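*Asks:* okay, here's the prediction I keep looking at, along with the sequence it came from:
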Amino acid sequence: MIPRLVLMTAALISTTAAQNMQPTGFEAWVMPIEKRVYAGSFTRNTGPEIIQVAGLRNEFVSAQLACRHIVNSQLSFAMTVLQGAEAAIGNELIRVRVGAYLPVDEPAVLTADPLLETETHELLANLAVPVWITVKVPKELPAGHYKGSLTLKAGAETQEIPIDLEVLNGTLPDPKDYSFYLNIWQHPNGVARAHGVELWSEEHWRLLSKYAENMAQHGQDSILTSIIHDPWNSQCGYEFPSMVEWRFPGKWTLAETAKFQWDFEKFDRYVELMMGFGIRSKIEMYAMVKGPGPTPDTSIRYFDTEQNEYRTQTLKTGDPMWFEAWKAFFPFLKKHLKEKGWWEIAYLGFDEKPAEIMDAMFTLINEAGPEYRLVLSGGHAAERENAELVLYLDSLLNAQKWKDEFAPMVEQIQERGQMVNFYTACEPRYPNTFLYSTLRESRMIAWIARKYGLDGYLRFILNAFPDDVWKQPAFKWHSGDMFLVYPGPDGPLDGMRWELLRQGIQDYEAWRIAYEMADFWGLPYHLKQLEAAVEKATILDSCRDIPSVADARKLVNDVIREVGSPDEMGKKMR
């Protein structure tokens, strides 16, 4: 249940300064989606408000308003269709949501991020509230301008905000077909706990399907699975259950390791659930060694089928029992993956393990499973041709280190057909996707990948919710570090950071379309314009105002407007 504190947005605060900045009555003004609306937000706008946005066909296009009333009132809204010369965008493709405030400790400021699905919202006197409009542009819609309005009502007062959406002459692929690779890890137990349902119950699976659908709509590509119990040692405050049950008749001894059996029922169901929504690029399997960091813990929990109880065998990297267990498991796992048709997309995952730990992993894998593909977050991929690398963001931002060490490594790995992605974690503080981060930073993520020629982005984690995410959104890391969505009444509610991350990915795809068109038609000026857009979008420090990523996207849109129709390019290529 979402607490009334969140639904009301905040308790009463001093509003003298805010009152000095605003006229009396009810007002609504346009805010860029990359800027957060705070309870004390104000506007310097003097002219009439109008929402002007542009996007490609098949794109999710968002806009943001701030609303405030000088008295307590109830906010409601009514949205018209967006009418064009030849067609219209109906209300079923338009969402109007209200941003709710959370108490964020780092700046000690109430901060809006969850987007509530509600028809009305309580406005407290003189406290600004964000309102989001998101339009799903149909895939077959003719290019052109589509106009309508959003009417907001508070008490007896109304504000009508005109909307002008320009649909450009180009089409984004469906999210499952984005060229950008998005890998946001998932925590099934986080969903069960936040929604108050039994782990792996039918209601839990129903909710997991809601989260899978939401991930698919945001471009998710990877399926995170656990092949041992609690591969991250409950670092989120609770266990990460194994999707593979290890079974042994009695107490496991080294001499009888061959008696192990494995049950893949939950593993298979989770993979099939995700694939049912189009998430099928990769299956990551954690973990031969628990992580992250230098811990050598390789303990294995198994079910004793004779005593009907779980046992845990405490192990460390290199222990003979650990070695023999994985030698037994690898052939069984490979056989199962091949039978399911998943072998080619399955990877053994390692989370920020140092070289001395990975050397032990490589020793075991080289002997027992050299054909297995690996994905390594942090660390290095050694010389393995079947290893994918995920770089820490600081490896990119250190210019000298990037040039001397990582750029040659990236080129080598990509030449052999493997992806190279990057990730942020509880560091760096900037840029990142914390609740106190600017929303610009979430949109910038995909542009950073574009700047360094990388394939995509990894983040821990989508839905590892703290005990009460609405009252305390921090656990032992920064606020918002463990989640990008929120547990709603019947599944996930989007966060603004999650929406801005998708917007950046859509920018990445639009840039690719524009670049291919300009390159095809031999237009060097436009190619330089697109390179300039990347530099503009990824500026981190400036004596002058840091440009919004939307400024960079405008350059991309200009190229798309000027270089002609992608359909014409397609006909020419045929």
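*Replies:* Yep, it's here.
*Asks:* ok so residue 92 is a strand residue?
*Replies:* No - the assignment for residue 92, made by DSSP: H, G, I helix; E, B strand; the rest coil, is helix rather than a strand.
*Asks:* what's the burial count for it?
*Replies:* Neighbourhood size, residue 92 [other Cβ atoms under 10 Å]: 8. Every residue, glycine included, has its C-beta placed from N, CA and C.
*Asks:* report pLDDT for it.
*Replies:* pLDDT, residue 92: 97.
*Asks:* got it, and residue 11?
*Replies:* Residue 11 is given a pLDDT of 38.
*Asks:* again with residue 60
*Replies:* pLDDT, residue 60: 98.
*Asks:* pretty sure it contacts residue 502?
*Replies:* Yes - counting by Cβ atoms under 8 Å, residue 502 is a contact partner of residue 60 at 6.4 Å.
*Asks:* shared neighbours, the two?
*Replies:* Common neighbours of residue 60 and residue 502, using Cβ atoms under 8 Å, 6 or more residues apart in numbering, are residue 217.
*Asks:* more crowded one of these two?
*Replies:* Using other Cβ under 10 Å as the criterion, residue 60 and residue 502 rank with residue 502 on top: 25 against 19.
*Asks:* got phi/psi on the more buried one?
*Replies:* With angles defined as degrees, to the nearest 10, residue 502 sits at phi -60, psi -40.
*Asks:* so it touches residue 219, yeah?
*Replies:* Yes - the criterion here is Cβ under 8 Å, and residue 502 meets it with residue 219 at 6.2 Å.
*Asks:* anything in contact with each of these two?
*Replies:* With contacts taken as Cβ under 8 Å, 6+ apart, residue 502 and residue 219 have no neighbour in common.
*Asks:* what's near enough to touch residue 27?
*Replies:* Counting by Cβ under 8 Å, 6+ apart, residue 27 makes contact with 43, 67, 68, 69, 159.
*Asks:* which helix or strand contains it?
*Replies:* With secondary structure defined by DSSP states H and E, residue 27 is part of strand 26-31.
*Asks:* against which helices or strands is whichever helix or strand residue 149 is part of packed?
*Replies:* Counting by DSSP H and E, the element that carries residue 149 is strand 144-154. If you count contacts as 3 or more Cβ pairs under 8 Å, 6 or more residues apart in numbering; DSSP states H and E, strand 144-154 packs onto strand 26-31, strand 60-69, strand 73-79, strand 82-83, strand 129-136, strand 157-171.
*Asks:* let's have the ones you listed in CSV, adding distance to residue 400.
*Replies:* Shown next, in CSV, are the helices and strands packed on strand 144-154 (distance: least, Cβ to Cβ, whole Å):
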stretch, distance to residue 400
strand 26-31, 39
strand 60-69, 38
strand 73-79, 51
strand 82-83, 49
strand 129-136, 41
strand 157-171, 38
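*Asks:* residue 89 is nearest to which of the ones you listed?
*Replies:* Nearest to residue 89 among the helices and strands packed on strand 144-154 is strand 82-83 (4.1 Å), distances taken as Cβ to Cβ.
*Asks:* and the contacts of that closest one?
*Replies:* 88, 89, 94, 135, 146, 147, 148, 163, 165.
*Asks:* residues near the closest residue to the last one other than its chain neighbours, how many?
*Replies:* Just to be clear, that refers to residue 165. Ranked by Cβ to Cβ, 6 or more residues apart in numbering and with sequence neighbours excluded, the top spatial neighbour of residue 165 is residue 146, at 4.6 Å. Applying other Cβ under 10 Å, we find 21 residues neighbouring residue 146.
*Asks:* contacts only, for residue 146.
*Replies:* Residues in contact with residue 146 (Cβ under 8 Å, 6+ apart) are 82, 83, 84, 88, 89, 164, 165, 166, 167.
*Asks:* fine, thanks again, bye for now.
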